[in-house]
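**Q** Mind looking at a prediction? Sequence and model below.
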Amino acid sequence: MPPKTVPKIPEGFIASTAGNDMVICVACAAVAPPGQPIQRTSATNHVLRSKDHTRALQQQQQQILHQQRADSARAARAQQEREQSAHLPKTELHLPEQSPAVDDTTQQFWAEFDTDSSDFRIDLDTSAAEIVADNAERIRKELDTFGDFDDIERGYELGAAQDVDLLAQNRARDDEQQMEDALAALLSSEGYTEDAWSEKDTGWYPYPSKLLFLLDVADNLGRLRISESLMKLFLYVLKEAGVKNVPSIGAFRKFQTSLRENGSGVPTIHCKSVQDKIFYINDVRKMVANDWCNPHTRSHIRIYPEVPESGIISEVWNAEKWTKSLDTRLLSPMYAAPNRRHYYVNELAQLQSGRFVIPLRWITRHRKICADAYEVLVDDDGIATVVDSSVVEISASDLVQNFHDLEHGGKLPVWSMKNVDGGHPDRVQRNKNNVVSIVRQQLDLVCLGVSTHVETLQTDTGIKDSYAQYWITKILNDCENWVKSERANRERPTRIRDLREEFAAKQRIWIDENFEDIINPFFLVPGHDPTPDTPLEILHKDPVKTLYAQRLQATDIDGLSIPPVHANYIMQYANSLIGRQLKAVIQTGVFHTHDLVDNAHYATWKAVGDLAALLWVPEIDDMDQYCDDLKIAVANVLDAFSDIDPLKMILKIKLHLLTHLPDDVRRFGPLIGVATEIFEAFNAVFRAASVLSNHRAPSRDIARQLASQEGARSLALGTLWFDAQSEEWQSAGPSVKRFMDAQPNLKMMMGLNVRDDPQPGTTRLAPLPAREAGKPRPKRQTVALRATQAQKALNFLDHSRTDGEWYQAKTLIARSGDLCSVNSWVFFNVSTTETAAGRILELLVSLADPNSELPRNLACPIPTSNEDERRTIHEKHTSDLRAATSRKRKDRQDDAERKAKEAAAARQKAEELEKVAAEAAAQADEEDMDMAPPPRQRPQPWLE
């Protein structure tokens, strides 16, 4: 049998030790040794299509050009030295016996000096200049050749490439580069620098002018990003339009950098994790300080926990974590009294009554600052004892002396030995210690190099920390490599078990020394326990994702405050829905699945809908009753799921998490306030900051862009900052503030929510008919009340007297703030004590009465009950209205008679006054005629 023929190695490749059918590219290995083995059959494809191969060839060519340039420079330098040495006279050198002393700085300079990388300008002779010119021309031609070569274009022309999308992306990049070059050429003639801003407008401080302010704001809009090319185009357009003092792109970027460095910007910090990963973060302390100094956000900052006066729990600072269980050292530690005294927690203070207390937690009760405190009892001997068995409530206004006042006045008592010795148990429950101890056990087990023990412990306890899993995998690999190395190097054979125990002993010492770097840092944050402090995400529950209904597209969104439902999209991406889509499905699904599913599935839909209605509430009036209702709703959901598939109760952890909902509500308040959906809205801003990056250091680019946006936002919104140069607190000029106050839309674009609370009773008239060509705009027509459906309304008699003064309306703001329109279902008051449900058939708006300051609105709701009930309600309401109308009619008649008598008396008196005035005027005219001079004669012309 003839020997097997070994395939020939392609040109430019060498054989690889990975196998006979593997080769290594020589060009790629020279750039990134030792090179990546590839299949022998893929060599041709590697040369034609690999971007790495193309970059390797370009780097090699650059190295060759650099070497040739360095050789030419050294040859020219040597030629010059030879020419100089041929004409220099011989000199006698008298060297000193001892070399002069050289300082350390000079030695370090020459030690680090690299002559090869230096660029010297020298005069060359004719021969050397010709050599350099020839080399330069050759290099220029080669660069043109390689620069014009496009592997994707050439491959597509030759038929080797078939990816049209890749070709389109390549051409788009070429177009972008051409656009960059064109913009650079347009802006190359700009001469505007900082000197052009010498005449600064102090009203726009810290900006030199309104133009720079608007450019900086436009460049830092989070949801409307402007690329570098587009900004260059804007500057060019402004310049060509005749705008004065338009900066160049370089001057503008330099100004932005200086603006952020004067104290108003947010520093970006370079960080390196214990896993050797580089990332960047923005200084959170500076951002919090900006919020405190921002007049728009300072009023929304809660300094102390708050117990609402009405007892309604609506925010996280009203719930138990802030008001009861959170470590007092992590809350606001100080209260600043009006007399400029500062009182701190865990420090002795004195009340107006003379009692001593130790404040533990400052808290707002009934809109007044109070404190939970320990009372300090002082016996006849002056020995003080802390009564820590109970907590008393004190008012902050009752404090008169703080610790320093007592110390200065010599009023500090002597503490009893019971308080000095301590011995008080820590009352803060820390469940995270259990998790940390189990993770530590996993790390101890993995030191033996056996993964099965760790996996068993993770399964039994249900605890698997993804952060520590990195170290578990790393220790397993290190143990395996160390055991192999030791067995190969030791002369005497050693059992693997003994080697693993030896490795474990050394590794556990390392774990003890670096435990804080190995454990998840969330478990080391003071006052934060991930076990109870991670509330259930109510928008990502599995019951919502596993249930879906038909007829979703036909959902009537009137009254739901949601955009139109896209049923096709939800059907296609049912397993990856976002928050608002889950809300729409869970609120409307029970109506769409009524006759489409069996009883078990429909019961599940109703149970989930009932639970969702309880979860998505903004306020809780009675916490105990609410939690009891929540427990029942959760139990109904679990029972419904167990009827369909009992195995889900074991396999689905999210069903088990539902049982923790009451505890989370007591700890954090309404769960709709801690839902992550509001934070997911920031993803668009984050993504926009990443898209315009060059993706070489995305973490740095994103952090810097977000820091720039934060700085521009704080300046535009009037935030105070400390100027290091003037050592004074500064804020934006009055022109900036006036401009932002007049631009609510710009505030919204910069991330400041401008609330526009609708006023109940506000109406919007129906739109006018379209204007026909050649005809005037149609006028709004009034309608007769009796010609509308308002005559069916229960309160028709209250408005019948204003017939003929009504307009058709489109929308109406209800008392709850909801927007109501025609055909909207509403609840309305039948009387002062009865409420009914109905549907709006028509909306009418009347002109204002002479005695009224507001217009009257009339909605026409029809009750949804049966005909008998409707007739009963209508008759009762009609009877009440008739009685009220009779009383109003009699009052109006009496008022009209009284006004008629007063008017008649006033007319009679006016007639008498007019008669007297007429007689007096006639007498005055007669007297004027007697005393008046003779009338002047008309002058005659001098020439007839």
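**A** Arrived safely, thanks for sending. None of these values were measured; they are calculated from a predicted model.

**Q** Distance-wise, check V783 relative to L844.
**A** The gap separating V783 from L844 is 7 Å, by CB to CB, to the nearest Å. Backbone N, C-alpha and C define where each C-beta goes, glycine included.

**Q** out of the two, which sits in the busier spot?
**A** Set V783 next to L844 and count neighbours by other CB atoms under 10 Å: L844 wins out with 24 against 16.

**Q** so that one sits right up against A787, yeah?
**A** No. Using CB atoms under 8 Å, L844 is not in contact with A787; the gap is 10.9 Å.

**Q** And the pLDDT at P941?
**A** On pLDDT, P941 comes in at 38.

**Q** for A136, same thing?
**A** 64.

**Q** Mutual contacts of V783 and L844, please.
**A** Residues touching both V783 and L844 (CB atoms under 8 Å, 6 or more residues apart in numbering) are W806, Y807, Q808.

**Q** residues contacting the last one?
**A** This means Q808. In this structure, Q808 makes contact with L765, A766, V783, E842, L843, L844, V845, judged by CB under 8 Å, 6+ apart.

**Q** Put the buried members of these into a PyMOL selection.
**A** Under the burial definition 16 or more other CB atoms under 10 Å, those of the contacts of Q808 that qualify are selected in PyMOL by:
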select buried, resi 783+842+843+844+845
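
**Q** between the contacts of Q808, which is nearest D645?
**A** Nearest to D645 among these, counting by CB to CB, is L843 at 48.9 Å.

**Q** unless I'm mixing things up, the closest one is touching Y807, no?
**A** No. When contacts are counted by CB under 8 Å, L843 is not listed as touching Y807 (9.4 Å).

**Q** Would you mind confirming that A790 is in contact with V845?
**A** No. Look at A790 against V845 with CB under 8 Å: they stay out of range, at 11.5 Å.

**Q** in what helix or strand does I363 lie?
**A** Element membership for I363, per DSSP states H and E: strand 356-365.

**Q** Now do that strand: everything it contacts.
**A** Identification of contacts with strand 356-365 by CB under 8 Å, 6+ apart yields 303-307, 309, 323, 328, 331-332, 334-335, 343-351, 369-376, 378, 384, 386, 391-394, 396, 413.

**Q** Restricted to strands, list the residues you listed.
**A** 306-307, 334-335, 343-344, 349-351, 369-376, 378, 384, 386, 391-394 (DSSP state E).

**Q** Make a ChimeraX selection of whichever of those turn out to be buried.
**A** Command for ChimeraX that selects the buried part of the ones in strands among the contacts of strand 356-365, burial taken from 16+ other CB under 10 Å:
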select :306,307,335,343,349,350,351,369,370,371,372,373,374,375,376,384,386,394
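
**Q** ok, and for stretch 632-644, which residues are buried?
**A** Buried residues in stretch 632-644 (16+ other CB under 10 Å): A633, V634, N636, V637, L638, A640, F641.

**Q** Which ones among those residues map onto helices?
**A** Using DSSP state H, A633, V634, N636, V637, L638, A640, F641 are the members of the buried residues of stretch 632-644 that sit in helices.

**Q** Just the buried positions in stretch 724-734, please.
**A** Q730, S731, A732, G733.

**Q** Show me which of the residues you listed is closest to L224.
**A** A732 (21.4 Å).

**Q** what about the closest one, helix or strand, and which?
**A** Using DSSP H and E, A732 maps to neither a helix nor a strand.

**Q** Starting from N294, give me the distance back to it.
**A** Noted for A732: a distance of 11 Å to N294, by CB to CB.

**Q** Starting from the strand holding I363, tell me which strands it pairs with and how they run.
**A** strand 306-307 (parallel), strand 349-351 (antiparallel), strand 368-378 (antiparallel) (DSSP bridges).

**Q** mean confidence for the last one?
**A** Mean pLDDT, taken over the full extent of strand 368-378, equals 88.

**Q** now swap in the first one and tell me
**A** This predicted structure assigns strand 306-307 an average pLDDT of 86.

**Q** ok, then the element right after it?
**A** helix 320.

**Q** Domain-wise, how is the chain divided?
**A** Per the record, the chain has its domains at 194-295+683-749, 302-421, 432-524, 538-673, 763-768+781-886, by automatic domain parsing.

**Q** Take those domains and lay them out in CSV including distance to P37.
**A** What follows is the domains of the chain, written out as CSV (distance: least, CB to CB, whole Å):
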stretch, distance to P37
domain 194-295+683-749, 27
domain 302-421, 56
domain 432-524, 22
domain 538-673, 39
domain 763-768+781-886, 67
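
**Q** tally of neighbours for G35?
**A** 19.

**Q** That one against A29, yeah?
**A** Yes. Contact criterion CB under 8 Å: G35 and A29 qualify, at 3.0 Å.

**Q** Quick check: S314 touching I672?
**A** No. The pair S314 / I672 is not scored as a contact, 9.8 Å apart, by CB under 8 Å.
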